[in-house]
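[1] Quick one: sequence plus predicted model below, questions after.
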Amino acid sequence: MKFTDDYLKKHLARKNMILASHKGESEVDAWHTRRLCGLGGSDIGAVMGINKYMSPVELWEIKTMQATKEKEENKYTHWGHILEETVAQEFARVTGMKVNKSARHFCSKELPFLVGNIDRFVSKNNNGRWLRHAILECKTATEYSKGKFNEDAAWYSDGKFNEQNASGITGILDIPASYYLQCLHYMYITGVHTCYLAVLIGGSDYRIYVVPYNVTDVSAMLQYATNFWCNCVLDGNRPNLTQKDLYLPKYETAKVRVASSDDAVLGKIAEYKKLKEVKKLTEEQLEELEGSIIEYVGENSEVVDHFQNHLVSFKTGGKTGPNKAKMKALNPKLVEEYKALEDKCKEFIPFSKRTLKVY
């Protein structure tokens, strides 16, 4: 799909309408409003369907103002923002290059719906003159995410530069794909064709990756982004539902689909039922083994080996909660009033996710 003059007019009209209706906002709210007017670097992974936290449909609902999920912050994004400066300063320390913030909201001239704010610009010393050299993206990751970052592809890792990979060139398989695309996005809209990705993993593992400008990957990214913005956002067509979307109750209809004898799903259902039987047998075996272990433990609370390593514990657990009998004894009138109110307010509350049941 091409970004034609007609789409440019639609885009500018939509952008002006959104900005005009959100005047007088705080700087934080204004930043979120600007993001409604285009696709930022963190949106590209969702656009291309490789962001496990957000589907293209969820992103479309945000951009078309049907949802406000983007404004939510969790503990990971919170600490990511807090530690951004630390990650940037460590990059400057180990590389000897300078890092500078940029308050500019970048926008592509060719595709003005591609926008973004970069973390830092990197400057390199060239005979006493500091020249802008690259972009720096700062990330934090949990120890659980460590396997998503290929240490062999890092330019800097474990307190030293990688001699075997002196160039440190990073591909889409070496770091999370959404981060790779984010780097390409920022390089495209700024015109700076080198991007460093600095990541602090688990609070102590600091690495730097070098992401080069890849024309083939950028071209594919632009095609996806243009189709999403023009066809879905400007023309209002919902993207195709993914498996992640289909779990949500809001996409359930009253329709019933009839499977024909040659549909592949019949084979999938048969295989599913067979594996469920295997799982049932396995659970029965586990239950039998569990009984044997319990007999061995007997009245003891745990079993250890000769080195005092814990092997098994068999203890009484519990949870804190109200004692209803005690409540009724202390204040029977209040308990009856509460029960009457509870009965009066009963209603069907659907689960947050649809549940698959195979007969």
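    On my side now, so go ahead.
[2] Pull the contacting residues for the closest residue to Asp205 other than its chain neighbours.
    Nearest non-adjacent residue to Asp205, counting by CB to CB, 6 or more residues apart in numbering: Lys146, 6.9 Å away. Every C-beta, even on glycine, is put in place using the N, C-alpha and C of the backbone. Counting by CB atoms under 8 Å, 6 or more residues apart in numbering, Lys146 touches 201-202, 205.
[3] Now the residues you listed in TSV, please, with extra columns for neighbour count.
    TSV is the format used below for the contacts of Lys146 (neighbours: other CB atoms under 10 Å):
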residue	neighbour count
Ile201	20
Gly202	12
Asp205	15
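[4] would you list those residues in CSV and tack on distance to Thr253 and secondary structure?
    Below are these laid out as CSV (distance: CB to CB, whole Å; DSSP: H, G, I helix; E, B strand; the rest coil):
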residue, distance to Thr253, secondary structure
Ile201, 43, strand
Gly202, 44, coil
Asp205, 47, strand
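[5] Is Pro56 in contact with Leu241, as I believe?
    No: contact criterion CB atoms under 8 Å: Pro56 and Leu241 do not qualify, at 9.1 Å.
[6] who has more neighbours, those two?
    Ranked by neighbour count (other CB atoms under 10 Å), Pro56 and Leu241 place Pro56 first, with 23 against 13.
[7] which residues in the stretch 201-350 of the chain form strands?
    205-212, 302-304, 310-313 (DSSP state E, counting those that start in this stretch).
[8] Please report the distance of Leu356 from Lys52.
    Note on Leu356: its distance to Lys52, by CB to CB, to the nearest Å, is 19 Å.
[9] Actually, Leu234.
    27 Å.
[10] Tell me the buried residues in stretch 151-163?
    Applying a neighbour-count criterion of 16 or more other CB atoms under 10 Å, one finds 153-157, 162 buried in stretch 151-163.
[11] give me the low-pLDDT residue ranges for the chain?
    Scanning the chain with the threshold set as pLDDT under 70 gives 69-73, 163-168.
[12] Helices along the stretch 51-200 of the chain, start to end?
    Using DSSP state H, counting those that start in this stretch, the helices of the stretch 51-200 of the chain run over 56-63, 75-95, 177-190.
[13] Which stretch among the ones you listed is buried most, on average?
    For these, the largest average neighbour count (mean count of other CB atoms under 10 Å) is found in helix 177-190, namely a mean of 24.
[14] Check which helices and strands that one sits against.
    Under the contact definition 3 or more CB pairs under 8 Å, 6 or more residues apart in numbering; DSSP states H and E, helix 177-190 sits against helix 44-47, strand 106-107, strand 115-116, strand 129-141, strand 194-201, strand 205-212, helix 215-227.
[15] starting at the chain centroid, how far to it?
    Distance, stretch centre to chain centre, for helix 177-190: 16 Å (CA atoms, centre = their mean, to the nearest Å).
[16] pull the CA atoms of that helix into PDB?
    Extracted in PDB, the C-alpha atoms of helix 177-190 (Å, rounded to 0.1, in the frame of the first residue of the first chain):
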ATOM      1  CA  ALA A 177      12.700  -8.600  17.600                       C
ATOM      2  CA  SER A 178      10.600  -5.700  18.800                       C
ATOM      3  CA  TYR A 179      13.800  -3.900  20.100                       C
ATOM      4  CA  TYR A 180      15.500  -4.600  16.800                       C
ATOM      5  CA  LEU A 181      12.600  -3.000  14.900                       C
ATOM      6  CA  GLN A 182      12.500  -0.100  17.300                       C
ATOM      7  CA  CYS A 183      16.100   0.700  16.500                       C
ATOM      8  CA  LEU A 184      15.400   0.500  12.700                       C
ATOM      9  CA  HIS A 185      12.400   2.800  13.200                       C
ATOM     10  CA  TYR A 186      14.500   5.500  15.000                       C
ATOM     11  CA  MET A 187      17.300   5.300  12.400                       C
ATOM     12  CA  TYR A 188      14.700   5.800   9.600                       C
ATOM     13  CA  ILE A 189      13.000   8.800  11.100                       C
ATOM     14  CA  THR A 190      16.200  10.500  12.200                       C
END
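[17] Name the surrounding residues that touch that helix.
    By CB under 8 Å, 6+ apart, helix 177-190 touches 40-42, 44-46, 48, 50-51, 106-108, 114-116, 118, 135, 137, 139, 170-172, 174, 192-195, 197, 211, 213-214, 217-218, 221-222.
[18] now those: which count as buried?
    For those, a burial check counting by 16+ other CB under 10 Å picks out 40-42, 44-46, 48, 51, 106, 108, 114-116, 118, 135, 137, 139, 170, 174, 192-195, 197, 211, 214, 218, 221-222.
[19] Go through the helices of the stretch 51-200 of the chain and name the closest to Ala270.
    helix 56-63 (30.4 Å; CB to CB).
[20] Now do that closest one: everything it contacts.
    36, 39, 43, 46-47, 49, 67-70, 228, 232-233, 238-242, 245.
[21] likewise stretch 200-211?
    Applying CB under 8 Å, 6+ apart, the external contacts of stretch 200-211 come out as 83, 86-87, 90-91, 94-95, 139-143, 145-146, 149, 151, 153-159, 167-170, 174-175, 180, 183-184, 187, 194-199.
[22] how about 7 Å then?
    With CB atoms under 7 Å, 6 or more residues apart in numbering as the test, stretch 200-211 has contacts from 83, 87, 90-91, 140-143, 145-146, 149, 153-157, 167-170, 174-175, 180, 183, 195-199.
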